[in-house]
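Enquirer: My questions are about this predicted structure, shown below with the sequence.
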Amino acid sequence: MAKVNIEKTYFYLASLITLVISIALVITLINNIVQYFMPYAFDQQTISERSIREQIVNEKYGPIESQQEMDQRIKEVTEDEIQAFRDRQIQTERRQSLRSILGQILSLCFVVPLYLFHYRRAARISSTPQPSTE
């Protein structure tokens, strides 16, 4: 019966875990790159115009308790204000995406060498002949 080599098992398990982390980081990185170039705020269908107008009113006047007053203020919001709001949303999303992209690249710079170290070490242990105990 083959003897289990704990050291080899550890290095293969560590390389498997770092490989899974690397794959997850790459998938998230790709998602954030797509979001950077196509932010959600850019899509007109993502946020309703009424919701945008309410947010603009809340930014300008603070919370409004009366529904009638809110409706009146919403009617006063101009197209330029809506476009400026969308532009701010796009810039905010792009900043957040860029931060995430940089964080994931830095994480990959840390995780990939760990993976390579553990995998190479496990392969080296596997390739060395084991002394038989017979």
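Expert: Yes, it's here.

Enquirer: Surely I21 touches V111?
Expert: Yes - between I21 and V111 there is a contact under CB atoms under 8 Å: 5.3 Å. Heads up, the C-betas are built off the backbone N, CA and C, glycines and all.

Enquirer: backbone phi and psi for P63, please?
Expert: phi -60, psi 140 (degrees, to the nearest 10).

Enquirer: Quick check: the gap between it and M70.
Expert: Distance of P63 to M70, computed by CB to CB, to the nearest Å: 10 Å.

Enquirer: more neighbours, these two?
Expert: Neighbours per residue, other CB atoms under 10 Å: of P63 and M70, the larger number sits with M70, 17 against 7.

Enquirer: can you tell me the average pLDDT over the longest helix seen in the chain?
Expert: Longest helix of the chain, by residue count under DSSP state H: helix 79-127. Confidence over helix 79-127 (mean pLDDT, whole number) is 92.

Enquirer: Quick one: distance of that helix to the chain centre.
Expert: Offset of helix 79-127 from its chain centre (CA atoms, centre = their mean, to the nearest Å): 7 Å.

Enquirer: counting contacts, what elements does it pack onto?
Expert: helix 6-37, helix 49-61 (3 or more CB pairs under 8 Å, 6 or more residues apart in numbering; DSSP states H and E).

Enquirer: Only the buried residues of the first one, if you could.
Expert: Buried positions in helix 6-37, judged by neighbour count with 16 or more other CB atoms under 10 Å: 8, 11-12, 14-15, 18-19, 21-22, 25, 29, 32, 35-36.

Enquirer: got the contact list for the residue sitting nearest the centre point of the chain?
Expert: Nearest to the mean C-alpha position of the chain, by CA atoms, centre = their mean, lies T28 at 4.8 Å. By CB atoms under 8 Å, 6 or more residues apart in numbering, T28 lies in contact with 100, 104.
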